[in-house]
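Visitor: structure, please.
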Amino acid sequence: MRWITTILVLLGAVAVPAAASETRHPCAAATTRCDGVLVVPLNHAEPGSEKISVPFSWLPHSDRDRPSAGTIIALPGGPAAVMGQFNAFADTVRPLLTDYDFLMVERRGFPSWQCPQADIRDAASVRDCAALSGDRAQFFTADQRVADIEAVRAALDARNVVLYGNSYGSVEAPAYMSRFPRHVRSAVVDSPTVFPDRATGYAGGNTWQGDLDANQRAIDDACRRSLSCRALPGDTADRLAEVVAMNRRDPDIPLGALTEVVRALDPFVARDTNAAMQAYLDGDKAPLRRLVSLTGPPPGTPSDPNQGFRTGGAAALAYVCNDFAWPYARSAPIETRRAQLSEYRAQHPEHPVAAVEATRGYGVWADWCLGWPTPRHAPPVAGAYPDVPVLVIAGSFDSDAGANAVTLARQFPRGRVVNVPFAGHAVSVLRPGSTYSSCAAEGVRNFITGRPVPSCSGENFRAVGRFPVTSHDLVTTVFRTAMDSLTSRIPNSVGVARRTELPGLRGGRVVFESSKAVLDQVRYTADTVVSGGIQLTGDQATAELTANGKLVRMTWKPFEAKEVTRVTGSVDGRDFDRLLYVG
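Guide: Just a heads-up that it's a prediction; the model follows:
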């Protein structure tokens, strides 16, 4: 017979661990991973309210001869279903799991809550989506979510909690700490693109303009590290505004696609964006047109944002609409909210392209939440932040996470920030191909155990300053062609790296076969045609290419943060050994 214990937790109160073994969940006695379900109130403030089931996974510490050193509770991002991320988070802290227990609790509402007919452009449709659940929509929120986690913690009699939150977990970690402070020993918050406001307790951050501005600053930072890029006039924002203005006068590239280049922050984008925009302003449109074609969704990817919301996004709307402070009254009718949002945007204009304009009318979260009912006052954070050690980690290639990290860390008496240059989202969560996540993961583990946190960086390229139209000399042009062909494979690249075929800058194509790039009639400059293969082995590239009828062999290290690199090889059997500029 399966035992399921119902734990009733008052919202905002501290749960008392179960005193008798018969009230604990059977997983509390497990010695290996135990997947369980706990029944909790829909509304923890009313223990007699409707009950829902919350799945969880519990991994007891492996050294059974010693007591647990504590419990690491993972708070993955989204808001989305979390149980599929169990292994990724457990692997990140795996060396500690000899002594520490590990817990992940599913986010209520996922993955089953769906609205197959929802249209997020229509506030009435969003309202009808919420109405399918009656008045239940108001209880899929961070305050109830952390009460679920506390209920599971109590049912397992887990102690000395270490919170490890990522992305939306930067809302949930403070929410848990403010409600159940006596159980928390320390916390790590990774990639706070959103975070609770100290004054209101509601979440903020990640606005359209804030995101765009932050990404432009990150691209500027990459540009300033390159001699050729920082020699360009103005900055990223200046160039984007000029390119947008040109396209308003003479439409060529959709305005949303132009802003997407900057918003799709990635090593590939940061390397090429400024040079491509400057070339466009100077009359050479090929580099920016190619960049725009590559920063959109891959071929075959649905472009309708409704797809995600119709297959699980109803719960995401519930969390974001309830947990955030929006520039309209929480209890106001839809039309009043719309008027208040319009007034806010008139006072805080979005530039150089407005969110609704850039998204083909779909808008962003502030638009999508217009129709979602938020009748219950339920700020994620309620109460003081505890005086415990808190580490906030942020990557410079992650929207406004760097600035948010500083603000969030200051809320805690013992908060500290670790910034990882050129790192993207989910800095410390281990993933293949990342050059910094293992270092950041070590930092998480060291922080938890009281050891020094290492400095980490994801920097491995120099930004381009210009795209020449004609060849300077054959070796330089072939080298630049090869470097350009490998740009999408810069370690830590995310979106473009998934593509198996890319266009050459001015013609031809590059096809990727595992660790090899095959160039087919690629033109980096208009007067030089290059074909052949480039083999990547470790940190080294070896190319055998034909260029304008000549056989060119070369070897170099392509992914380094250096202005020049040593290139050795031969042209039609004649050897060369040169230092060439990479940007």
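Visitor: after the worst-scoring helix or strand of the chain on mean pLDDT, next one along is what?
Guide: Across the helices and strands of the chain, mean confidence by mean pLDDT, DSSP states H and E is lowest for helix 306-308: a mean of 73. Next along the chain after helix 306-308, taking DSSP states H and E as the criterion, comes helix 314-323.
Visitor: any buried residues in whichever helix or strand comes after that following helix, and which?
Guide: On the C-terminal side of helix 314-323, the nearest following helix or strand under DSSP H and E is helix 334-347. Buried residues in helix 334-347, counted by 16 or more other CB atoms under 10 Å: I334, R337, R338, Q340, L341, R345. In this view, the C-beta of every residue, glycine as well, is placed from N, C-alpha and C.
Visitor: then stretch 493-508?
Guide: Applying 16+ other CB under 10 Å to stretch 493-508 flags S493, V494, G495, V496, A497, L502, G504, L505, R506, G508 as buried.
Visitor: P421 contacts N460, doesn't it?
Guide: No: if you go by CB atoms under 8 Å, P421 and N460 don't touch, sitting 10.4 Å apart.
Visitor: S471: neighbour count?
Guide: When counting by other CB atoms under 10 Å, one arrives at 18 neighbours for S471.
Visitor: which among the buried residues of stretch 493-508 gets closest to R24?
Guide: The shortest approach to R24 among those belongs to V494, at 42.2 Å (CB to CB).
Visitor: where's the nearest residue to the closest one once chain neighbours are set aside relative to D398, distance?
Guide: Once flanking residues are discounted, V494 sits nearest to D266: 5.5 Å by CB to CB, 6 or more residues apart in numbering. Going from D266 to D398 by CB to CB, to the nearest Å gives 11 Å.
Visitor: same drill for the two, tell me which one is more crowded.
Guide: Per other CB under 10 Å, whichever of D266 and D398 has more neighbours is D398, with 26 against 21.
Visitor: grab the nearest non-local neighbour of that one.
Guide: Nearest to D398 is H425, by CB to CB, 6+ apart, at 4.8 Å.
Visitor: the one you found against T193, yeah?
Guide: Yes: the criterion here is CB under 8 Å, and H425 meets it with T193 at 7.3 Å.
Visitor: what's the overlap in contacts for these two?
Guide: S167, D398, S399, A401 (CB atoms under 8 Å, 6 or more residues apart in numbering).
Visitor: coming back round to it: how far away is the residue nearest to D398 from A401?
Guide: Taking CB to CB, one finds H425 at 8 Å from A401.
Visitor: and what of M277?
Guide: Taken as CB to CB, the span from M277 to A401 is 24 Å.
Visitor: ok, these two, which is more surrounded?
Guide: Legend: neighbour count by other CB under 10 Å for M277 and A401, higher for A401 (32 against 26).
Visitor: now the strands for the stretch 451-583 of the chain?
Guide: 501-503, 509-513, 516-522, 530-537, 540-547, 550-556, 564-571, 574-581 (DSSP state E, counting those that start in this stretch).
Visitor: between those strands, which gets nearest to D148?
Guide: It's strand 509-513; of these, that one is closest to D148 (CB to CB) at 43.7 Å.
Visitor: in the closest one, which residues are buried?
Guide: V510, F512.
Visitor: if we can go back for a sec, looking at the shared contacts of H425 and T193, which are in helices?
Guide: Those of the shared contacts of H425 and T193 mapping onto helices are A401, per DSSP state H.
Visitor: will you turn the shared contacts of H425 and T193 into a markdown table that also has pLDDT?
Guide: Shown next, in a markdown table, are the shared contacts of H425 and T193 (pLDDT from 0 to 100):
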| residue | pLDDT |
| --- | --- |
| S167 | 93 |
| D398 | 91 |
| S399 | 83 |
| A401 | 89 |
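Visitor: phi, psi of the residue positioned nearest the centre of the chain?
Guide: By CA atoms, centre = their mean, the chain has its centre lying nearest to H425, at 3.5 Å. Note on H425: backbone dihedrals following degrees, to the nearest 10 are phi -80, psi 150.
Visitor: where is pLDDT lowest across the buried residues of stretch 493-508?
Guide: When these are sorted by pLDDT, the bottom entry is G495 at 78.
Visitor: didn't it look like it was pressed against D266?
Guide: Yes: G495 lies in contact with D266 (CB under 8 Å); the separation is 5.7 Å.
Visitor: can you check which residues contact both of these two?
Guide: With CB under 8 Å, 6+ apart, G495 and D266 have common neighbours T295.
Visitor: residues contacting the longest helix anywhere in the chain, please?
Guide: Among the segments of the chain that qualify as a helix by DSSP H, the longest is helix 208-224. Applying CB under 8 Å, 6+ apart, the external contacts of helix 208-224 come out as 229-230, 232, 235-237, 240, 259, 262-263, 265, 269-271, 273-274, 348, 350-351, 354-355, 358, 364, 366, 396-397, 399-400, 402-403, 421-422, 461, 463.
Visitor: and if you look at stretch 379-391?
Guide: 12, 141-143, 146, 171-172, 174-175, 177-179, 181, 184-189, 196, 198, 200-203, 323, 409, 411-418, 443-444, 447, 453.
Visitor: host element of the nearest residue to S53 once chain neighbours are set aside?
Guide: Spatially, and ignoring its direct neighbours in sequence, S53 is nearest to V37 (5.0 Å; CB to CB, 6+ apart). Taking DSSP H and E as the definition, one finds V37 inside strand 34-41.
Visitor: what strands line up against the following helix or strand past that strand, and which way round?
Guide: Sequence-wise, the next helix or strand downstream of strand 34-41 (DSSP H and E) is strand 51-59. Strand 51-59 pairs in its sheet with strand 34-41 (antiparallel), strand 100-105 (antiparallel), by DSSP bridges.
Visitor: now render the ones you listed as JSON lines, adding mean pLDDT.
Guide: Shown next, in JSON lines, are the strands paired with strand 51-59 (pLDDT from 0 to 100):
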{"stretch": "strand 34-41", "mean pLDDT": "96"}
{"stretch": "strand 100-105", "mean pLDDT": "98"}
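Visitor: among the strands of the stretch 451-583 of the chain, which is nearest G84?
Guide: Here strand 509-513 is closest among the strands of the stretch 451-583 of the chain (CB to CB), at 27.3 Å.
Visitor: got any ranges where the chain has weak pLDDT?
Guide: Along the chain, segments meeting pLDDT under 70 span 1-22, 297-303, 308, 310-312.
Visitor: and stretch 319-339, end to end?
Guide: 23 Å (CA to CA, to the nearest Å).
Visitor: buried residues, that stretch. List them.
Guide: Applying 16+ other CB under 10 Å to stretch 319-339 flags Y319, V320, C321, N322, D323, F324, W326, Y328, R330, I334, R337, R338 as buried.
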